[in-house]
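> Only the shape, not the letters, is given here:
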């Protein structure tokens, strides 16, 4: 297994100045490298307390790249629909070069009606637009005199500069919320998968992962290179009561932010997002106790969390786990202790911390940054 | 006067791997801060050896922000036409926060026909598009529930996150190539000005600056806050012959890159770019000797360059000067020595190097980064 940090802002201007959020996020990212985590990940969202402080993960991760040497940098995820493919392909290539090839590119179709409205885009053609834009980006990264005419963009011939550092291009991971077909398409294309287990029953997550693996193998890709990332909110403390009560408080903060962001689905409908209107109910219906009991949030003492990770491995296999840190408004010492406890007292049970030179004893070479 | 470094890549994949360009640029930026320069600036261009390794200055400058503490970061310039205003406003705001308010935003209308073609945009409406997009960005930075309906974009109401660090927003500088009306419009809006003296006769540059200052004052802005940036290619060496011969070689590299990039104007015409077709002749017509004699490139020993800067001050007043460094393919030691010689033996004749805490003895407080 591999373990990383997911920096997902759930604050707005009434909670925290952006400068304090970025100072915090950058400092946790640097600390994550020191502690031997595999990756730092961050999201792309707009306008709301749900990720809105992170409208461009590539920009922020370039700051992380400049402060770190070894840890992998993952967009979790960028939304290609909101960018011109030349702009996004170029920006990601800059980051891949600044970081000497430490970038993995998570991509998402997007699912918030208010974001699509702001970019004057229809939800109804989001899937073909997503597929076309990701394909255009890969072509721009790898081809010369590229001409794109896909119904959404029409340009070329152009030859993108700079090329990515990694050859032929950085690994692509596709975010899937609740639609198994998305996972199958990601598998068939040879890509990795980004999942958020908390919004689905365990059996559904298992089904999505199984379908992904089957589709990927059927398309001829080596099962050993499949990559499934699960993102969990998390909080660890030395004391069980503190972990539980603060963990619940932090979960509620995240929960409120998500509920507000997805409220657009209370009125929006799209045939391309079957079932998304129920996201409001799912978000509103879960309690912290039920989430914790179902291992949908990782909260407790190190000993309790070791048991949780063991159950998660039992359920989903040797996946990669991204731990969403407590809200950035929590005391810095509390957040750092949580990140530290996991790295020192949980991670070694399932993996080896990654050394500063990128080696990880006991972990396959493919799991760490490729050398230049 | 104030002095900064302009990192302008004039290399392509046959000359230098992108990773080596970025390592070089980042190392020069960090060195520029150590040496007391006022700013680091970088450009936005695509596809060609003329700036094409820098398709997103915001991303690169965020890496510089993470490695520095005091030096100002200037986009020189971003091209708003090639971005959605939400994306560009948000990305710049991230950089302004990561850097604790060290960002000045240079903006340009763009002038390369091939870039406009790649983004499927017409050169003919580039001016209203530029004005509308810059206005939209300022509104997104400062307003709440912003609705934009300007003929190019139609969206809202949205409230951008994060807000910029600087209040009400980062300083805006408008790039003007050869059109005096652009400078007047920049002045009337209270913005600063970015000029490239090498592509115009001295009298024309003086006329552009004068018109800018008149328009700015007529609109009620304090003359003391006017800001004129002149960008020059540069090379200094201890020995006069070495400075001259390497300087000519470097100038030719830059010259070839520019000539290839502007070749689109040999066939393109637009009423909105009167005279731009002559850029090809101007670029092709200049020789290093005539450029040097006219102080259009800054090349020589420190003593020679002190005389050049004195003549430039005489001609244009107390402007801000950005020194384009030698090509990134030049030996690192040669580039660093050039940057060092200017900082140590020229700069003190005209200004005071900026200390790490942002103070600059003898320079007005407005010249340095505003404190938080």
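Right, received. Where do you want to start? None of the values given here were measured: they were computed from a predicted structure.
> helix/strand/coil for residue A:75?
The local conformation at residue A:75, judged by DSSP: H, G, I helix; E, B strand; the rest coil, is strand.
> pLDDT value on it, please?
pLDDT, residue A:75: 98.
> Contact partners for it?
Residues near residue A:75 by C-beta atoms under 8 Å, 6 or more residues apart in numbering or on different chains: A:41-42, A:44, A:57-58, A:61, A:92, A:103-107. (Glycine included, C-beta is placed from N, CA and C.)
> What is the nearest of those residues to chain B?
Ranked by distance to chain B (C-beta to the nearest C-beta), those are led by residue A:58 at 6.1 Å.
> Please work out how many residues are found near the closest one.
Applying other C-beta atoms under 10 Å in any protein chain shown, we find 29 residues neighbouring residue A:58.
> Residue A:145 too?
Counted with other C-beta under 10 Å, residues neighbouring residue A:145 total 8.
> Give me the distance between it and residue B:20.
Using C-beta to C-beta, to the nearest Å, residue A:145 is found at 24 Å from residue B:20.
> got it, and residue A:10?
Distance of residue A:10 to residue B:20, computed by C-beta to C-beta: 39 Å.
> Cross-check the contact I'm expecting between residue A:24 and residue A:332.
Yes - Residue A:24 lies in contact with residue A:332 (C-beta atoms under 8 Å); the separation is 6.7 Å.
> Which parts of the stretch 1-150 of chain A are helices?
For the stretch 1-150 of chain A, the helices defined by DSSP state H, counting those that start in this stretch occupy A:18-35, A:57-67, A:85-98, A:113-118, A:126-142.
> Now those in CSV, please, with extra columns for distance to residue B:236 and mean pLDDT.
Output for those, formatted as CSV (distance: least, C-beta to C-beta, whole Å; pLDDT from 0 to 100):
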stretch, distance to residue B:236, mean pLDDT
helix A:18-35, 35, 98
helix A:57-67, 28, 98
helix A:85-98, 28, 98
helix A:113-118, 49, 91
helix A:126-142, 38, 96
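> now the ones you listed as a markdown table including distance to chain B?
Listed next are these as a markdown table, based on distance: least, C-beta to the nearest C-beta, whole Å:
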| stretch | distance to chain B |
| --- | --- |
| helix A:18-35 | 3 |
| helix A:57-67 | 4 |
| helix A:85-98 | 4 |
| helix A:113-118 | 5 |
| helix A:126-142 | 10 |
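> Could you dump these into JSON lines and include distance to residue B:219?
Converted to JSON lines, the helices of the stretch 1-150 of chain A look like this (distance: least, C-beta to C-beta, whole Å):
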{"stretch": "helix A:18-35", "distance to residue B:219": "31"}
{"stretch": "helix A:57-67", "distance to residue B:219": "33"}
{"stretch": "helix A:85-98", "distance to residue B:219": "33"}
{"stretch": "helix A:113-118", "distance to residue B:219": "32"}
{"stretch": "helix A:126-142", "distance to residue B:219": "42"}
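> so which of those helices gets nearest residue B:78?
Closest approach to residue B:78 among the helices of the stretch 1-150 of chain A is made by helix A:85-98 (10.9 Å; C-beta to C-beta).
> Which single helix of chain A contains the most residues?
helix A:240-261 (DSSP state H).
> quick one: contacts for residue A:160?
A:86, A:89-90, A:93, A:140-141, A:146, B:46-47, B:55.
> so how far is residue A:142 from it?
Distance from residue A:160 to residue A:142, by C-beta to C-beta: 9 Å.
> Now do the longest helix of chain A: which elements does it pack against?
strand A:228-236, helix A:279-285, helix A:288-293, strand A:298-300 (3 or more C-beta pairs under 8 Å, 6 or more residues apart in numbering or on different chains; DSSP states H and E).
> can you list contacts of that helix?
By C-beta under 8 Å, 6+ apart, the list of residues contacting helix A:240-261 from outside reads A:8, A:10, A:45, A:48-51, A:112, A:114, A:233, A:235-237, A:280, A:283-284, A:286, A:288, A:291-292, A:297, A:299-301, A:304, A:324, A:326-327, A:329-330, A:334.
> mind running it again at 6 Å?
For helix A:240-261, the external contacting residues (C-beta atoms under 6 Å, 6 or more residues apart in numbering or on different chains) are A:10, A:48-50, A:112, A:233, A:235, A:237, A:283, A:288, A:297, A:299-301, A:326-327.
> what pLDDT, on average, does it get?
89.
> still on that earlier bit, which one of the helices and strands packed on helix A:240-261 has the lowest average pLDDT?
Lowest mean pLDDT within the helices and strands packed on helix A:240-261: helix A:279-285, a mean of 63.
> Tell me how far the closest residue to residue A:227 other than its chain neighbours lies from residue A:151.
Nearest non-adjacent residue to residue A:227, counting by C-beta to C-beta, 6 or more residues apart in numbering or on different chains: residue A:192, 3.3 Å away. Look at residue A:192 and residue A:151: by C-beta to C-beta, they are 26 Å apart.
> Those two: which is more packed in?
Neighbour totals were compared for residue A:192 and residue A:151, and residue A:192 leads with 22 against 9 (other C-beta under 10 Å).
> just checking, the more buried one touches residue A:173?
Yes - with contact defined as C-beta atoms under 6 Å, residue A:192 counts as touching residue A:173 (3.8 Å).
> Touching both of those two, which residues are there?
Contacts common to residue A:192 and residue A:173, judged by C-beta under 6 Å, 6+ apart, are absent.
> Number of residues surrounding residue A:170?
Residue A:170 sits with 24 neighbouring residues when counted by other C-beta under 10 Å.
> and what of residue A:168?
By other C-beta under 10 Å, 9 other residues sit near residue A:168.
> Next: the one 4 residues further on.
Using other C-beta under 10 Å, residue A:172 is surrounded by 19 other residues.
> what do you get for residue A:190?
By the criterion of other C-beta under 10 Å, residue A:190 has 16 neighbours.
> do residue A:215 as well
Around residue A:215 there are 20 residues (other C-beta under 10 Å).
> Appreciated, that's everything.
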